[in-house]
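Trainee: Fold the following, please.
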Amino acid sequence: MNNFDLLTSAWHARNKLYNDLFGNYTSVYPGNYGPPGANQGSDKQQSTSIETGYESGNETGDPGLQDEHLAILTYEPDPLRPYWTYVTAGLSSPWLQNEPQEVSGFGLELLIKSPGLAKWPEQILRTIAFYILNHAGTVSPGTRLALNNQITVNTASNIRNLLIWYADEAPDCWYQLPSGGFGIFAAIGITNDELKFAESQEQYGTWCMQEILRQTGSSQITDPTRESILQNKNIDSLINSVTAFAREFQKKRC
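Mentor: Prediction:
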């Protein structure tokens, strides 16, 4: 199998998987989203810091280059998913493969959930994706990303960081394409003090913070207007419960 055939078969398999998991997308960027060749000529678990760049209109990477082609699919709310969902398509593409491997492309796709229709999820996903593409890196569940900026452009927000965790909508965690496997992971917005708390909890810090968000009603949805969960009254008892569970889990694994 040559690279073009592998790219094409992987694209169709991922497109079917997305349809099974999320349904029909509402919109897609860029608008020429399609299998390779269909639109030619048209348009470690630690904190990491990335420069978003989108406030000034700059983005790293060139989405027009075939080897960095990335799409963002948008899915509107439905009765089972009462929020907007934005998902990348391209990080798992086997751009440099000529045969199936254990991992397809960079081995992941990312999603963001927003309480309303917005532009910032698309901008953030593209920033992270091009960071990965340009630096030949990857992110995995447990990773924490400092954006060095607020998550929105034109409105104030205390959400300035992201947690990467397993997406609720992709319960199998790992999916197979003809080119190899990949995971679908959620990027979840958090405040500076929430990031500091996660960093203080050693290897289970990301799990602890996302579990606190889940138990206080935020779950994996990123609401740019929310204040820090850690400022809530009676939060200490929840923190103690979650961290105690993590410590017990760690003891059992040792």
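
Trainee: Now Val242: which helix or strand?
Mentor: Using DSSP states H and E, Val242 maps to helix 235-253.

Trainee: what's the answer for Leu96, then?
Mentor: Using DSSP H and E, Leu96 sits within no helix or strand.

Trainee: Could I get the buried residue list for the helix holding Val242?
Mentor: Leu238, Ile239, Val242, Thr243, Ala246 (16 or more other C-beta atoms under 10 Å). The way it works is simple: take the backbone N, C-alpha and C, and place the C-beta from them, glycine included.

Trainee: what's the answer for stretch 171-182, then?
Mentor: Tyr175, Leu177, Pro178, Ser179, Gly180, Gly181, Phe182.

Trainee: Now do that stretch, average pLDDT.
Mentor: On average, the pLDDT along stretch 171-182 is 96.

Trainee: hmm, back to that, need the buried residues of helix 235-253 in CSV (columns: distance to Leu110).
Mentor: Converted to CSV, the buried residues of helix 235-253 look like this (distance: C-beta to C-beta, whole Å):
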residue, distance to Leu110
Leu238, 27
Ile239, 27
Val242, 25
Thr243, 27
Ala246, 24
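
Trainee: just to revisit the earlier point, contacts for the helix holding Val242, please.
Mentor: Phe197, Gln201, Gln203, Tyr204, Trp207, Cys208, Glu211, Ile212, Gln215, Thr216, Ile229, Leu230 (C-beta atoms under 8 Å, 6 or more residues apart in numbering).

Trainee: Among the residues you listed, name the buried ones.
Mentor: The neighbour count (16+ other C-beta under 10 Å) marks Phe197, Gln201, Tyr204, Trp207, Cys208, Glu211, Ile212, Ile229, Leu230 as buried among the contacts of helix 235-253.

Trainee: Turn these into JSON lines, columns for secondary structure and distance to Thr88.
Mentor: What follows is the buried ones among the contacts of helix 235-253, written out as JSON lines (DSSP: H, G, I helix; E, B strand; the rest coil; distance: C-beta to C-beta, whole Å):
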{"residue": "Phe197", "secondary structure": "helix", "distance to Thr88": "28"}
{"residue": "Gln201", "secondary structure": "coil", "distance to Thr88": "28"}
{"residue": "Tyr204", "secondary structure": "helix", "distance to Thr88": "27"}
{"residue": "Trp207", "secondary structure": "helix", "distance to Thr88": "23"}
{"residue": "Cys208", "secondary structure": "helix", "distance to Thr88": "26"}
{"residue": "Glu211", "secondary structure": "helix", "distance to Thr88": "25"}
{"residue": "Ile212", "secondary structure": "helix", "distance to Thr88": "26"}
{"residue": "Ile229", "secondary structure": "helix", "distance to Thr88": "26"}
{"residue": "Leu230", "secondary structure": "helix", "distance to Thr88": "29"}
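
Trainee: In this protein, what helix or strand scores lowest on average pLDDT?
Mentor: Lowest by mean pLDDT, DSSP states H and E among the helices and strands of the chain is strand 47-49, with a mean of 54.

Trainee: Identify the residue spatially nearest to Leu110, adjacent ones excluded.
Mentor: Closest residue to Leu110 apart from its sequence neighbours, by C-beta to C-beta, 6 or more residues apart in numbering: Thr88 at 4.9 Å.

Trainee: correction: Tyr204
Mentor: Ala246 (4.1 Å).

Trainee: State the pLDDT value of that neighbour.
Mentor: 93.

Trainee: For it, give its distance to Gln201.
Mentor: For Ala246, the distance to Gln201 (C-beta to C-beta, to the nearest Å) stands at 7 Å.

Trainee: Now Ile159: closest residue in space that isn't a chain neighbour?
Mentor: Gly189 (3.9 Å).

Trainee: where's that neighbour relative to Phe130, distance?
Mentor: Taking C-beta to C-beta as the measure, Gly189 falls 19 Å from Phe130.

Trainee: hang on, the earlier thing: give the residues shared as contacts by Ala246 and Gln201.
Mentor: Taking C-beta under 8 Å, 6+ apart as the criterion, Ala246 and Gln201 both touch Cys208.
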